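Visitor: Just to be clear, the model below is a prediction. Sequence and coordinates:
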Amino acid sequence: MIPHHRVTGPADAPVLVLSNSLGTTLDMWKPQARALARRFRLVRYDTRGHGGSDTPPGPYTIGDVGRDVLDLLDHLGVERTHFAGLSLGGMTGQWLAINAPERIEKLVLLCTSPKMGPAQVWIDRAKTVREQGTEAIVDGTFERWFTADYRAEHDLSALRDMFVGVDDEGYARCCGIIETMDLTDGLPNISAPTLVIAGAQDPATPPAEHAEVIAGAIPRARLEVLDPAAHLASVERADDVTRLIKEHLG
Ligand SMILES: O=C(O)CC1=CCC(=O)O1
């Protein structure tokens, strides 16, 4: 499936694909987009079930969303790309680097995990969203996405609209990806130079349990922990994330 996407930046620049997190769209990369499109052919896309992409019948696996990226690269005529993804986007990045290493140049994995259990959390969350919509979980989600100080000082209404605007069934089917996913054994096979970025106060993927495991298992990985930052570090620490991505990709 070719996901809905937006391409900006010079046609002859190196390609960088950005992959969104659960409950967001390609617009989550707005804080980075302008600066990165000065140096890269920037490809932002909506993971299936989100934004302008279709919500095909489920269940989905991490391989399904990974193969959507390969379809997109084929569609755009891109043989090899840099890839940065946050949370579910970073899971997609891990799958790609393990299963299609010839397509991935350098990797940036933000606030993500190779295995984000327990499975029951995802089963329960999908059920809640199917029955009551994303509106029912937006407050709890924002407590994981942003530190209390950041929430107190910033207007998050546009991000809230983005979250509640995501297709309920699309969100629920993507919870199913995380429920069954375990990429741990593949991490030592990732050959792409990898930057792992974490938020020190991220309650969804605490660095000690996730980012440190990823950075420890991927041979050419480096870890940066942003403090303060929670799960959506690309928003809370927008300029630092842009800078780190640019430095890593060269
Ligand atoms: O919303 C959360 O719980 C955090 C999260 C998990 C996967 C993802 O993309 O975001």
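Guide: Good, I have the coordinates.

Visitor: centre of the chain versus stretch 144-157, how much separation?
Guide: Put simply, stretch 144-157 sits 19 Å off its chain's centre (CA atoms, centre = their mean, to the nearest Å).

Visitor: ditto for stretch 65-78
Guide: Worked out by CA atoms, centre = their mean, stretch 65-78 lies 16 Å from the chain centre.

Visitor: And it, what's buried?
Guide: Using 16 or more other CB atoms under 10 Å as the test for burial, stretch 65-78 gives 65-69, 72-73, 78. All C-beta atoms are positioned from the backbone trio N, CA, C, and that covers glycine.

Visitor: Identify those among these that sit within helices.
Guide: 65-69, 72-73 (DSSP state H).

Visitor: can you list the residues of the chain near the ligand?
Guide: 21-23, 87-88, 141, 144, 178, 204, 231 (CB under 6 Å from any ligand atom).

Visitor: neighbour-wise, which of those residues leads?
Guide: S87 (31 neighbours; other CB atoms under 10 Å).

Visitor: can you pull the contacts of it?
Guide: 21-22, 110-113, 204-205, 231 (CB atoms under 8 Å, 6 or more residues apart in numbering).

Visitor: rerun at 7 Å
Guide: S87 is in contact with 21-22, 111-112, 205, 231, counting by CB atoms under 7 Å, 6 or more residues apart in numbering.

Visitor: quick one on the thing from earlier: including pLDDT and distance to A211, could the ones in helices among the buried residues of stretch 65-78 go into JSON lines?
Guide: Listed next are those as JSON lines, based on pLDDT from 0 to 100; distance: CB to CB, whole Å:
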{"residue": "V65", "pLDDT": "99", "distance to A211": "21"}
{"residue": "G66", "pLDDT": "99", "distance to A211": "20"}
{"residue": "R67", "pLDDT": "99", "distance to A211": "26"}
{"residue": "D68", "pLDDT": "99", "distance to A211": "25"}
{"residue": "V69", "pLDDT": "99", "distance to A211": "22"}
{"residue": "L72", "pLDDT": "99", "distance to A211": "26"}
{"residue": "L73", "pLDDT": "99", "distance to A211": "26"}
